[in-house]
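Visitor: Based on what follows, work out the 3D shape:
(chains A and B)
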Amino acid sequence: MHAIDEIKEKARAAAGKPAAYGGDLDLCEYTAQPGECAYVESLQDLEELGEEELARAGVEKSGRERSGSFVQIDGTVVHRKALEKGLEILGTREALEKYDWLWDYYWKAVAVDSDKYTADVELNPFEGYFMRAMPGSRTIYPLQACLYIRQPRFVQRVHNIIIAEEGSELHIITGCASRHEIEMGLHLGVSEFYVKKGARVTFTMVHNWAEGMDVRPRTGVVVEEGGLFMSNYICMEAVRSLQAYPTARLTGPGATARFNSIVVGQPGSDIDLGSRVVLGAPGCSAEIISRAVTKGGRIVARGHLKGETAGIKAHLECHGLILEEGGLIYAVPELEGNHPDVDMSHEAAVGKIAQEEVEYLMARGLSEEEATAVIVRGFLNVKIEGLPPLLEREMRRMMELSESKAL
Amino acid sequence: MSGSHQDGMPALELRDLHVEVEGKEILRGVNLSIRSGETHVLFGPNGSGKTTLLMAVMGFPRYRVTAGSVILAGEDVTALPPHERARRGIGMMFQRPPTVRGVSLEQMASICSRDELDVREVAGELNLADFLTRDVNHGFSGGEIKRSELLQLMAQNPDVVLLDEPESGVDMENLQLVGKAIRILLQKDLRRKRKKCGLIITHTGYILDYVEADQGHVLCDGVIVCSGNPREQLEGIRRYGFEECAKCTR
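Guide: The predicted structure is shown next:
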């Protein structure tokens, strides 16, 4: 049997398999066909999305301070262009046609039969981006990608493959968003990251969905010797349901993974978000930091660190703030050590805002509401180690944009 | 900030102030009057109600005023929340301020000054330049906390300055720095036009070597038992202890 036949076979077998976590969605409810969108050579010519809409997804329409851009609306790639040498951006289907070797990476970091959502992406028309940083290439500016849903009742199926070749450095800012009027929609996003020896990848993602959207990202990361993968995830606006549990496997000595997630649960939102790192080689390290604030929504904040070998170091931090009654935060930190010589720790805390902090700020002249806002912003203000200054600035900007609407 | 006070009117006045904390009466009728330009110090044994007095003046809800009033420049502020009092010119140095994660000292100082002060310059003078980007109070030593509090107060520029044990936990070298900052806060170098007034809690009296005080008060068991020359009071307390002080009916 050919590899692709095997993949399809596995997908078909998993087509009815519910996910391990999150509410089970009936895929038959999403019936819409994709709308037509024309390809544009320049982002400036993109009429479907305005500057502000793109900005909220972290995308700079002018392309300034970006090394390339990718935009997909519903099921169509409407723009993709790399602006720097050593970088490549294509639509995933286009890339699979162009490169035979890419099939060696296809469904290798995420199992196609993980659940019905991964299977659905394989068994139906999909798009997504392929990004590759050539060996030793380093870019100052990040690549930007936007996955946008315009059509109600549409399933956006995305399969991204990101490869950072040996010694390369790749920074990605990506935004997923939908039209706010959408009463129902589904985003299925498979992302497979391959971080080769000594490569560094930072992946900063902001989600701005609508109240009726269900979202099921499926992410797998493989980090080789001395490589670094860093994910910064921000979701502050309303979403009907979001369930994801990205998993990084550190396969080479000295590999590192860091996951930072900042989530606000709006009333009616059901969020089940985790991060998992499997530390499989000596000298590997991992850090998972999660900040969750609920304004009435339900948030399950998971974290799982698995130390499989000696000489690994890993820490998990999961903090939650409950701002409104009716909100729920369920923190599930898990440590799993398979060797006596592992150094793994976690801390978790869930509660309300400390009154003494509010009063401290009030004594400096802030009203109770102002003081609360400063404390919540501070709580979400995770200090991210190792993010280049430009990206740190961008991330702050993206957070401020999200915060201004969400808090 | 309220700026100028009418001549003759106290900047801060406490009239028969009774305060309880969690149902227990701590202050039992405190009367105190501080005029613009004056600095008063407050002595008293542990548990006598000194910090409660400052907290009640600042208006924290846990410190419930059951009788009496707090008058700020002629206005009764007893019913006002802390931020309204801060906006009217009361500023307080906390003895054990909380850490506010994710909020840097620089942000805090900017919040206090409403962006009207060159925070970096003042932080440099207070040996705090390296602390500006750190979360406020996180991992600060006793002395660093005092200097951080003073930086925030200098940014806030209050007319009525409340200081809770500004010298505790501060080494000799930094005590000089703390003293200098308090002198600036209280406009000690101005003689005629001095507007600021202060109320300082001190256990050791060391701060008096750096900041001259006009009047001292001894608080015992929730009432002021003695008001007078602060240096004489300190000498008396050192010699005879607070017990004898409490017997004094002067």
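
Visitor: Neighbours of residue B:69, how many?
Guide: 14 (other CB atoms under 10 Å in any protein chain shown). Any C-beta I mention is one placed from the backbone N, CA and C, and that applies to glycine too.

Visitor: which non-adjacent residue is nearest it?
Guide: residue B:78 (4.5 Å; CB to CB, 6 or more residues apart in numbering or on different chains).

Visitor: OK, contacts around the one you found?
Guide: Contact analysis of residue B:78 by CB atoms under 8 Å, 6 or more residues apart in numbering or on different chains lists B:65, B:68, B:69, B:70.

Visitor: got the residue ranges for the helices in the stretch 51-200 of chain A?
Guide: For the stretch 51-200 of chain A, applying DSSP state H, counting those that start in this stretch gives helices covering A:51-56, A:92-98, A:116-123.

Visitor: Check the model's average confidence along the strand or helix carrying residue B:199 for me.
Guide: Using DSSP states H and E, residue B:199 falls within strand B:197-201. Averaged over strand B:197-201, pLDDT sits at 97.

Visitor: In chain B, what helix or strand scores lowest on average pLDDT?
Guide: The helix or strand of chain B with the lowest confidence, counting by mean pLDDT, DSSP states H and E, is helix B:230-247 at a mean of 86.

Visitor: hmm, back to that, generate a markdown table for the helices of the stretch 51-200 of chain A, with distance to chain B as supplementary columns.
Guide: Shown next, in a markdown table, are these (distance: least, CB to the nearest CB, whole Å):
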| stretch | distance to chain B |
| --- | --- |
| helix A:51-56 | 22 |
| helix A:92-98 | 37 |
| helix A:116-123 | 34 |
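
Visitor: Let me know how buried residue A:13 is, in neighbour terms.
Guide: Residues near residue A:13, counting by other CB under 10 Å, number 12.

Visitor: Apart from its chain neighbours, what residue comes closest to the residue in the stretch 1-150 of chain A that chain B sits nearest to?
Guide: Going by CB to the nearest CB, chain B is nearest to residue A:58 of the stretch 1-150 of chain A, at 20.9 Å. Of all residues not flanking residue A:58 in the chain, residue A:175 sits nearest, at 4.0 Å (CB to CB, 6+ apart).

Visitor: and if you look at residue B:30?
Guide: Using CB to CB, 6+ apart, the closest residue to residue B:30 is residue B:17 (4.3 Å).

Visitor: mind checking the SS state of the one you found?
Guide: Here residue B:17 is recorded as strand under DSSP: H, G, I helix; E, B strand; the rest coil.

Visitor: close enough to count as contact, it and residue B:25?
Guide: No. Using CB atoms under 8 Å as the test, residue B:17 is too far from residue B:25 to be in contact (11.2 Å).

Visitor: quick one, which of these two is more surrounded?
Guide: Neighbours were counted for residue B:17 and for residue B:25 using other CB under 10 Å; residue B:17 has more, 24 against 15.

Visitor: what's the spacing between the more buried one and chain A?
Guide: Applying CB to the nearest CB, to the nearest Å, the value for residue B:17 to chain A is 18 Å.

Visitor: Quick one: residues contacting that residue.
Guide: For residue B:17, the contact set (CB under 8 Å, 6+ apart) comprises B:27, B:29, B:30, B:31, B:32, B:53, B:56, B:65, B:67, B:68, B:69, B:70.

Visitor: for chain A, which spans come out with low pLDDT?
Guide: A:1, A:386 (pLDDT under 70).

Visitor: Any idea how many residues pack against residue B:158?
Guide: Here the number of neighbours of residue B:158 (other CB under 10 Å) works out to 24.

Visitor: One more: residue A:267?
Guide: If you count neighbours by other CB under 10 Å, residue A:267 ends up with 14.

Visitor: ok, the residue nearest to residue B:126 when sequence neighbours are not counted - how many residues close by?
Guide: Among residues not flanking residue B:126 along the chain, residue B:147 sits closest, at 4.6 Å (CB to CB, 6+ apart). A count of nearby residues for residue B:147, using other CB under 10 Å, gives 24.

Visitor: Confirm that residue B:147 sits in a helix.
Guide: Yes. If the criterion is three-state DSSP, then residue B:147 is within a helix.
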